[in-house]
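> Structural data only, the sequence is not supplied:
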């Protein structure tokens, strides 16, 4: 998987190939002062400003025809406070580098998503999450952040300093300013034991509440056209450390999960009638395994097959009903779905536009391989998700607008009022933000 978006002849493209933009200019500031100056210059020139990380959002949240801010020089750890158990990191730092640096210091985040190619600011600004019974998204682990606003001012935000900005800017969508540094809560590094095994879908759904309650981190993948899932349970362990043997990891995580899976996707795209058979074979390809390792090596895995994704958060108590409706839709529609459906959970948090804001949530993600027609599948799935007051991931495909979000986010008005105050001239506006936040 590439960790950067591609650009040719001045065109920026995202990782999934769903968005392209031609910015008037690109800026790679080496300091907060240079970034502030770039924003002020953009205002003088009448240009919009958008920061972009690794381009892993499937939406056009980072697209601009104005000034594109590249943060790759704003990287590294600023400070580790072992008394407060926090780490302050520059916003352009890739999660991969942060995880490795923390491990060298004997520290870790408590939870993370399933890839680590994004920058810390890109991941948090769009609400990237993993799965957890008590531990929430990456943004929920933020203790403070630094933000450059539309007039070039630098704000430090926390629960005590500019708390109304802190409540919103942890998942700010790039609408409130450019995040330049983030302070995360960390803890002494620990071990996780992972248990991965196939399980019939009927059993997963009937036992879902029990599986969720008994495991710190539970997730599963359902293979459409089958009654099969692969489940993963991660729980803290006293050890000993027992990672996946190198050769087995190469075979299962690279050869099977990426290489063979890619070939299967190519075959399915060329001959859709083969997809149900491929799904049945794929659902049986990986055997059960257990291993114990440090957190980021358990939470994350390589994802090299390019795809397009839609993900919605529904109330956790509605997840089984929603999945059954999704399954029935696939069965009666004649659709051929070659990619597994991913299901994860998160506890309620207090971030204004977090998909888990104010409610325990379950995430249902539907995918199609890059280049395959996905619109009919996603549109029909979206009807199911929105019927359960679903909230789409801000960085993944959806068609919702400000009117819808005002209904499913009780604090939506708080966010838009703060945006009016911090960015009255809409310096950070683009078409996506105009749709999801209104003018």
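Arrived safely, thanks for sending. Note that this is a predicted model, so its numbers are computed, not measured.

> Grab the nearest non-local neighbour of the spatially most central residue of the chain.
Centroid-nearest residue in the chain: residue 128, 2.8 Å away (criterion: Cα atoms, centre = their mean). Take residue 128 and drop its neighbours on the chain: the residue closest to it by Cβ to Cβ, 6 or more residues apart in numbering is residue 113, 4.8 Å away. C-beta: built from backbone N, CA, C; applies to glycine.

> Look at that neighbour and say how many residues are nearby.
Residue neighbour count, defined by other Cβ atoms under 10 Å, stands at 19 for residue 113.

> ok but it is inside a helix, no?
No - using DSSP: H, G, I helix; E, B strand; the rest coil, the secondary structure at residue 113 is coil, not a helix.

> Who are the contact partners of it?
Shown in contact with residue 113 (Cβ atoms under 8 Å, 6 or more residues apart in numbering): 123, 128, 129, 130, 138, 299, 300.

> how close does the last one sit to residue 253?
So the one you mean is residue 300. From residue 300 across to residue 253, the span is 11 Å (Cβ to Cβ, to the nearest Å).

> Residue 212: what secondary structure?
helix.

> What is the least confident helix or strand in the protein?
strand 6-8 (a mean of 44; mean pLDDT, DSSP states H and E).

> so after that strand, what's the next helix or strand?
Next in sequence after strand 6-8, counting helices and strands by DSSP states H and E, comes strand 11-13.

> Now the element after that next one, going C-ward?
Using DSSP H and E, the first helix or strand after strand 11-13 is strand 20-21.

> on that earlier part again, distance to residue 366, pLDDT and secondary structure for the contacts of residue 113 - can I get that in TSV?
Shown next, in TSV, are the contacts of residue 113 (distance: Cβ to Cβ, whole Å; pLDDT from 0 to 100; DSSP: H, G, I helix; E, B strand; the rest coil):
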residue	distance to residue 366	pLDDT	secondary structure
123	21	96	helix
128	17	96	coil
129	16	96	coil
130	18	96	coil
138	22	97	coil
299	21	95	helix
300	21	92	coil
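
> I'd like to know which of those residues is nearest to residue 248.
residue 300 (17.3 Å; Cβ to Cβ).

> if I read this right, that closest one contacts residue 114, doesn't it?
Yes - look at residue 300 against residue 114 with Cβ atoms under 8 Å: they come within range, at 5.7 Å.

> in the protein, which ranges drop under the pLDDT threshold?
By pLDDT under 70, the low-scoring segments of the chain are 1-9, 250-252, 254-256, 258-260.

> let's see it at 50
Counting by pLDDT under 50, the chain shows low-confidence ranges at 1-8.

> Next, give phi and psi for residue 354.
When quoted as degrees, to the nearest 10, the phi and psi of residue 354 stand at phi -70, psi 140.

> all helices for the stretch 151-300 of the chain, in order.
163-169, 201-206, 208-214, 246-249, 261-270, 275-283, 295-299 (DSSP state H, counting those that start in this stretch).

> Ok, which of those helices comes nearest residue 229?
helix 201-206 (5.2 Å).

> Which of the residues in the closest one are classified as buried?
Across helix 201-206, burial judged by 16 or more other Cβ atoms under 10 Å covers 201, 204, 205.

> Stretch 125-141 now?
Buried-residue list, stretch 125-141, by 16+ other Cβ under 10 Å: 125-133, 135-141.

> out of these, who's nearest residue 155?
For those, the nearest to residue 155 is residue 125 (15.1 Å; Cβ to Cβ).

> quick one: that closest one and residue 70, what's the gap?
15 Å.

> now swap in residue 11 and tell me
From residue 11 to residue 70 the distance is 14 Å (Cβ to Cβ).

> and these two? which has more neighbours close in?
The neighbour comparison of residue 11 against residue 70 (other Cβ under 10 Å) goes to residue 70, with 18 against 11.

> List just the nearest of the buried residues of helix 201-206 to residue 277.
Checking those one by one against residue 277 (Cβ to Cβ), the nearest turns out to be residue 201, at 17.8 Å.

> who's in contact with that closest one?
222, 226, 227, 228, 229, 327.

> swap the cut-off to 7 Å and go again
222, 227, 228, 229 (Cβ atoms under 7 Å, 6 or more residues apart in numbering).
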